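prediction below, plus the sequence it came from.
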Amino acid sequence: MSVRIYPDVNILLTLDFQQPILLRKCSLFANSIQKKNLKCYQLSTVKDVRDRIIKEINEAVGNALRGLWNHIGMSKGGGVPFLLEEKNLTLKDELGIRNFFHEKRTRQNRSLAKDEIQRQEVWAVEKLRDLLESKRQVSAMEYLMELSQRLSEQYVETRNDMLRTNAELNLVDEEEASPSQIEIEAIEGCLLPLGFEDHEDFVHLAALRRFKQDKHITPLFVTADRRLCECGPELYKEFGVAIEDALYAVGTYSSLLKEQNPNV
Amino acid sequence: MELDPSVIALAPLEYRLEPKLDSTHAWYIRSRYKDKQFAKLRTEISGFFSECCSEIEPLPDRFQKKEFLELLDEMTAWVIHNDTKLRSILSRIGINYPQHPLRSEKAYHFVQALKAFSTLYGRRGSSMSKKYFMGALKSDLPYTVFSSFVLGTYTASYFHEYRARATEQHFRHHQLFVRARSQLSSRKYAVEDYLGMMKPIIQAYRDLTKSKCKLWWLIVLWNSKDLKEFTQGPQFLSIRKVDSKSFERVEKEYKDNLRRLRALLYELDPNIFVPTAGRPDRATKTMWDDMLWLRLGS
């Protein structure tokens, strides 16, 4: 029997890097991992979710921009977006742009996408004002290209962040968990009554449970999600899967190891 | 339609013979060598395009493979002939391509040319990305496809940066810039080491460029009525016009190659991936200020 660390914090480190509290927490985790030279495994389910989240956010904001292209085309080009290339924007268009983004935001279900659209909105308004500072009007197509460029550059930054996180935590990809073997009902049954409803975490935990059964290891799932940590004792008792906050994960790892091999 | 500078960068342009410049016809000989060199580059790029094209066949009925390749060849010839900056860098790389024996001044010029190419690629890459920004807006393909193209351009730029830096470091470490007998065996091993060290990453770069070309053609060619529209860029890029099976296959290949090159580059030089913006940008800062002072919606 051995212990393995499966981190989930990289999702937050990658995507919530704007939140200083989480960034600090995750950096501390990365530091202690490097200091102790511990090996971390990345669940395939976690990897998939990270990819999917980045893609979903990019698509949501990208579609908002395409919508904006259409919206401006409708108001400027008489319903034909292709005529937009010769049209200009003035300060009067700001309200329309804000309203458009507001509407897009309210239609979003995923909070990360909502935040990102809001960020794009603020940047779009700021950019319009900036461009109009020196001249009275600005080409609509040029303006939209600027927005599209910013989104693509953000995508590049996020991908680079992800690469850095993987290297800092020295992540080793865990073999893929077969979807047919993942049974999330039992995990749901345990967590739903405790008020925890994140479906993605149910999948990760079910995959961990399978690894425990197949490989005879005690998985330690590291997360920055405070609510999931609160459910930790219950899950350990029920399924033998340990959950720990990123701040205390290395300490818990050592004590679990000691518990299993008192001589170490 | 612009020619992707990544393609130009694939050709090493080495030539084996040393022109004798002490004759009275030095200028003539040098220019003849340059012409030969550019002709060789053109042939290499044509071969590369033909390879890419055969991997996405069959082309739509309205296009003939031969005509399409001829068009690409014309575009390549135009770029090689008219882009004086690129021409000068490429000829310098060609003249000084490292091989044994390697003289110190040749090694120096090679590194300088690689650095200049890296800077040039940075500039051309950003202008080339504009077609992806525009394409992303005028399309119903997943937005991430275009973002991946931008990521590919950035990665190619990182590659050029790495190649110039690593070459300089290697040459300095092995004292190839120092004047010494060029026939020294230590120099020979250093050059061999260098070429061996660069081989896998250049191969990964070549694979990425190839799959990028294929994916872009698959999108643009299938959305164009004729070669004229292909050159100018179609008005709208629709997913319905693209063969879904080929698209899935080529997109997967592109993503795999991109991941491989990025992982390799990170392993070789993680400093390339250091974030450019350490602080929140002005817009994000304004948003936080607005929220703090409850100015939202005003």
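On my side now, so go ahead. Residues are numbered from 1 along each chain as shown, chains lettered A, B, ... in the order given.

what count of nearby residues applies to whichever residue of chain A sits closest to chain B?
Nearest residue of chain A to chain B: residue A:62, at 2.8 Å (Cβ to the nearest Cβ). For every residue, glycine as well, the C-beta is placed using N, CA and C. A count of nearby residues for residue A:62, using other Cβ atoms under 10 Å in any protein chain shown, gives 25.

that one in helix, strand or coil?
With DSSP: H, G, I helix; E, B strand; the rest coil as the basis, residue A:62 sits in helix.

which residues touch it?
A:148, A:151, B:136, B:143-144, B:146-147 (Cβ atoms under 8 Å, 6 or more residues apart in numbering or on different chains).

closest to residue B:35 out of the residues you listed?
Nearest to residue B:35 among the contacts of residue A:62 is residue B:146, at 38.4 Å by Cβ to Cβ.

count the neighbours of the residue in chain B that chain A sits nearest to for me.
Residue nearest to chain A within chain B (Cβ to the nearest Cβ): residue B:143, separated by 2.8 Å. By other Cβ under 10 Å, 25 other residues sit near residue B:143.

next: residue B:88.
Neighbours of residue B:88 using other Cβ under 10 Å come to 13.

any idea which element it lies in?
For residue B:88, the element it lies in under DSSP states H and E is helix B:84-95.

what does the stretch 151-264 of chain A put close to chain B?
Contact residues, the stretch 151-264 of chain A versus chain B (Cβ under 8 Å from any Cβ of the partner chain): A:151-153, A:155-157, A:159-161, A:163-164, A:167.

leaving aside the residues next to it on the chain, what's closest to residue B:171?
Of all residues not flanking residue B:171 in the chain, residue B:107 sits nearest, at 5.2 Å (Cβ to Cβ, 6 or more residues apart in numbering or on different chains).

got a list of what that neighbour touches?
With Cβ under 8 Å, 6+ apart, residue B:107 has these contacts: B:96, B:98, B:171, B:176-177.

again, 10 Å this time
B:96, B:98, B:167-168, B:170-172, B:174-178, B:182, B:187, B:190-191, B:194 (Cβ atoms under 10 Å, 6 or more residues apart in numbering or on different chains).

cross those against helices and list the overlap.
Using DSSP state H, the members of those that fall in helices are B:167-168, B:170-172, B:187, B:190-191, B:194.

mind putting those into CSV with pLDDT and neighbour count?
Listed next are these as CSV, based on pLDDT from 0 to 100; neighbours: other Cβ atoms under 10 Å in any protein chain shown:
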residue, pLDDT, neighbour count
B:167, 95, 20
B:168, 96, 19
B:170, 95, 19
B:171, 94, 22
B:172, 94, 13
B:187, 88, 23
B:190, 92, 21
B:191, 92, 20
B:194, 94, 19
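
please identify which pair of the residues you listed lies farthest apart.
Across those (Cβ to Cβ), the longest gap, 16.2 Å, separates B:168 and B:187.

now stretch B:133-144: buried residues?
Neighbour-count burial for stretch B:133-144 flags B:133-139, B:141-144 (criterion: 16 or more other Cβ atoms under 10 Å in any protein chain shown).

give me the phi and psi angles of the closest residue to residue A:226 other than its chain neighbours.
Nearest in space to residue A:226, with sequence neighbours left out and distances taken as Cβ to Cβ, 6+ apart, is residue A:245 at 7.2 Å. Here is the backbone geometry of residue A:245 (degrees, to the nearest 10): phi -70, psi 150.

and stretch A:87-107, average pLDDT?
Averaging pLDDT along stretch A:87-107 gives 87.

next one: that stretch, is it in contact with chain B?
Yes: interface with chain B: stretch A:87-107 contributes A:98, A:102 (Cβ under 10 Å from any Cβ of the partner chain).

how far out from the middle of the chain is that stretch?
27 Å (Cα atoms, centre = their mean, to the nearest Å).

same thing with stretch A:124-137?
That offset, for stretch A:124-137, works out to 31 Å (Cα atoms, centre = their mean).

so is it next to chain B?
Yes: for stretch A:124-137, a contact with chain B is found by Cβ under 10 Å from any Cβ, at A:124-127, A:129-130.

next, the buried residues of that stretch.
So stretch A:124-137, judged by 16+ other Cβ under 10 Å, has buried residues A:124-128, A:131-132.

possible to save those as JSON lines with pLDDT and secondary structure?
What follows is those, written out as JSON lines (pLDDT from 0 to 100; DSSP: H, G, I helix; E, B strand; the rest coil):
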{"residue": "A:124", "pLDDT": "90", "secondary structure": "helix"}
{"residue": "A:125", "pLDDT": "90", "secondary structure": "helix"}
{"residue": "A:126", "pLDDT": "90", "secondary structure": "helix"}
{"residue": "A:127", "pLDDT": "89", "secondary structure": "helix"}
{"residue": "A:128", "pLDDT": "90", "secondary structure": "helix"}
{"residue": "A:131", "pLDDT": "88", "secondary structure": "helix"}
{"residue": "A:132", "pLDDT": "89", "secondary structure": "helix"}
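
which among these gets closest to residue A:176?
residue A:124 (39.9 Å).

pLDDT wise, what is residue 162 at?
Unless you meant another one, I'm taking chain A. Per the predicted model, pLDDT is 84 at residue A:162.

not quite, I wanted chain B
Looking at residue B:162, the pLDDT reads 95.
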